[in-house]
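> Any chance you can model this:
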Amino acid sequence: MNVFQKKSPKHLVSSKKVRTFAPAKQIRETSKMQEWGSVAQLNRASDYGSEGCGFESRRNHEIERKSNGFLFFNKVRRMRVRRFTVFIALFIVALPVCAQRKQIGEARTYLKSGKNFDKAEKLMTDLLKDSANRENKRIYEIWFQSVQKQYEQANERFYMKKQQDTAQFFSLVRKLFTISFRMDSLDARPDKKGKVDLELRKDVAHDMNGYRTNLFFGGSYLVRKGDFKKAYDYFETYIDCRRQPLFSGYDFSQEPRMAEAAYWATYSAYRMDEPVLALRYRDLALGDTAKRSWTLQYVAESWKALKDDSMYVATLWQGFNDYPLSNYFFPRLMDSYQNQPEKALEVADQALMTDSTSRLFLFAKSVALLRLERFAESLDYSDRLIKRHPDMAEAYYNAGTAYVNIALRMDPVRHKKQIRKMYQKAMPYMEKYRVLAPGGAQKWGPALYRIYFNLNMGKQFDEIDKILKKQKS
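Next up is the predicted model:
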């Protein structure tokens, strides 16, 4: 043995390693401490030369790795949010569709059951409150069928002589037309390829053409009831069928009831004081020859209400030419020429060519001549009227006025006797007029005042003077 070999102390001699197991919590804490120590060493190493750079690069790599992991996590989270948003949107869109299908299904069940058609209708009208459903042709189809079933039930009750509301029955008819027009407009829309497939028009038009008569009768019923607004709507719908594409396969131009419907529409509008509506179907209404005179009267009154004097007078002329003996057109035509006596005389002459003995026409000519200051001719026509109609007060007034005006045109110095004679002739006419028209003091009062004054009839003059003063007070 080498004397120089040193023996290791027993307490330093390595023995077999004994493994000990620390608790898991302790291990985790130890790992954290080692990690913090490593980071601290890296931080310190970065302060020293090239050796520190190595530690710095490892640190940057570690940070970059963690940063990339964070970005990846954010990207995944955003994708999940987007998917959730799309899911919610689809869910929201699907809700109304599901509700729509449910209501359509319920309505079809009602239709198949043969009852509760009004409930089926309400389901469809509720759907149409949503603007998104107003382009859905199927909803209109079911609505149409539900109202049609109600109409058939009501019609059957009439046939069986059971109780049925007449106004409600006719309202179903008009509602069918409203629905069918809208449904046909949707049916006529082209598809994505631009093709139009009219799958409903033929059958619907056939059914609706059979209902048109009840539109007319419904309007007539409402006229009798005095509901002119609704009546106008019915007749307008009836007339409107001419231009509706739904009835493009039908010709209503020669239908005799069309002109009558236009007349009743014009009449209803006139009764509502709606001149614009009254004029809307005037040309068509004039085709009803039995009521043509009345139509022209409503048209004339409508132009007058709109203050269109030229059209008013033109319509009066049209009516007068067609119906010269009418008590409507001639007097109003004469009134319209009140400030044009020459025109008024032309009208009177034309009227007398139709009936030379007419009391109205003779009187009109005497008035026109009086305004033209053709007093002698006016007096002649007044005398002819008095001879035929001795109780016609205005003829006496015209005759007396003619004599007074003749006297006024004479020279009071040169023609004293002639003037007195004219007043003497005027007096019996005016006194007779006073008897026949006692309430017309505003007309006979001034005339008799002048006559009695010029004839120096003091007692009669004082009487008239008191009457006139009383009127003024």
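
> quick one: low-confidence ranges for the chain?
Regions of the chain meeting the criterion pLDDT under 70 cover residues 1-99.

> repeat that for 50
For the chain, the stretches with pLDDT under 50 are 1-25, 27-53, 55, 86-95.

> At which residues are the strands of the protein located?
Counting by DSSP state E, the chain has no strands to list.

> Distance check, the closest residue to residue 225 other than its chain neighbours against residue 217.
Leaving aside its sequence neighbours, residue 225 sits nearest to residue 167 (Cβ to Cβ, 6 or more residues apart in numbering; 7.7 Å). C-beta coordinates here come from the backbone N, C-alpha and C atoms, glycine included. Residue 167 sits 12 Å away from residue 217, going by Cβ to Cβ, to the nearest Å.

> swap in residue 234?
Using Cβ to Cβ, residue 234 is found at 9 Å from residue 217.

> any common contacting residues for the two?
residue 170 (Cβ atoms under 8 Å, 6 or more residues apart in numbering).

> which one of those two has more residues nearby?
residue 234 (29 against 15; other Cβ atoms under 10 Å).

> which residues does that one contact?
170, 174, 215-216, 218-219, 222.

> The closest residue to it other than its chain neighbours: what's it in contact with?
Leaving aside its sequence neighbours, residue 234 sits nearest to residue 219 (Cβ to Cβ, 6+ apart; 3.4 Å). Residue 219 is in contact with 231-232, 234-235, 238, 261, 264-265, 268, counting by Cβ under 8 Å, 6+ apart.

> Which member of the contacts of residue 234 is positioned nearest residue 368?
In terms of Cβ to Cβ, no member of these lies closer to residue 368 than residue 219, at 43.8 Å.

> In this structure residue 108 contacts residue 141, no?
No - judged on Cβ atoms under 8 Å, residue 108 makes no contact with residue 141 at a distance of 10.4 Å.

> Neighbour count for those two, which is higher?
More neighbours surround residue 141 than the other of residue 108 and residue 141, with 18 against 15 (other Cβ under 10 Å).

> Now tabulate the contacts of residue 234 in TSV and tack on distance to residue 337.
Converted to TSV, these look like this (distance: Cβ to Cβ, whole Å):
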residue	distance to residue 337
170	46
174	45
215	43
216	41
218	44
219	38
222	40
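
> Surely residue 216 touches residue 238?
Yes - taking contacts as Cβ under 8 Å, residue 216 lies within contact range of residue 238: 5.4 Å.

> Touching both of the two, which residues are there?
In terms of Cβ under 8 Å, 6+ apart, residue 216 and residue 238 are both contacted by the residues residue 261.

> who's more crowded, those two?
Taking other Cβ under 10 Å, residue 216 and residue 238 do not tie; residue 238 has more neighbours (28 against 20).

> show me the contacts for that one.
Residues near residue 238 by Cβ under 8 Å, 6+ apart: 212, 215-216, 219, 258, 261.

> since we're on the residue nearest to residue 271 when sequence neighbours are not counted, how many residues are nearby?
Of all residues not flanking residue 271 in the chain, residue 228 sits nearest, at 4.6 Å (Cβ to Cβ, 6+ apart). Residues near residue 228, counting by other Cβ under 10 Å, number 21.

> show me the contacts for residue 228.
By Cβ under 8 Å, 6+ apart, the contact set of residue 228 is 222, 268-269, 271-272.

> Could you tell me which of those residues count as buried?
222, 268-269, 271 (16 or more other Cβ atoms under 10 Å).

> ok so, going back, and the contacts of residue 219 as JSON lines, adding distance to residue 197?
Shown next, in JSON lines, are those (distance: Cβ to Cβ, whole Å):
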{"residue": "231", "distance to residue 197": "38"}
{"residue": "232", "distance to residue 197": "36"}
{"residue": "234", "distance to residue 197": "32"}
{"residue": "235", "distance to residue 197": "33"}
{"residue": "238", "distance to residue 197": "29"}
{"residue": "261", "distance to residue 197": "33"}
{"residue": "264", "distance to residue 197": "38"}
{"residue": "265", "distance to residue 197": "35"}
{"residue": "268", "distance to residue 197": "39"}
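
> For those, name the two members farthest from one another.
Applying Cβ to Cβ across the contacts of residue 219, the maximum distance is between 238 and 268, 12.2 Å.

> Against residue 211, how distant is residue 114?
21 Å.

> same question, residue 121
Separation of residue 121 from residue 211 (Cβ to Cβ) stands at 17 Å.

> ditto for residue 472
Taking Cβ to Cβ, one finds residue 472 at 68 Å from residue 211.

> Compare those two (neighbour count), which wins?
It is residue 211, of residue 472 and residue 211, that has more neighbours when counted by other Cβ under 10 Å, with 18 against 5.

> I figured that one was touching residue 174, is that so?
No - look at residue 211 against residue 174 with Cβ under 8 Å: they stay out of range, at 9.4 Å.

> quick revisit: next one: the residue nearest to residue 234 from residue 202, what distance?
Counting by Cβ to Cβ, the separation of residue 219 from residue 202 is 27 Å.

> OK, contacts around residue 409?
Going by Cβ under 8 Å, 6+ apart, residue 409 touches residue 375.

> Please tell me how far it sits from residue 360.
29 Å.

> cool, residue 152 as well?
Taken as Cβ to Cβ, the span from residue 152 to residue 360 is 56 Å.

> For those two, work out which one has more neighbours and name it.
Comparing residue 152 with residue 360 by other Cβ under 10 Å, the one with more neighbours is residue 360, at 15 against 12.

> ok, for that one, nearest residue in space, not its chain neighbours?
Per Cβ to Cβ, 6+ apart, closest to residue 360 is residue 330, 6.6 Å.

> Pretty sure residue 133 sits against residue 139.
Yes - between residue 133 and residue 139 there is a contact at 5.8 Å, judged by Cβ under 8 Å.
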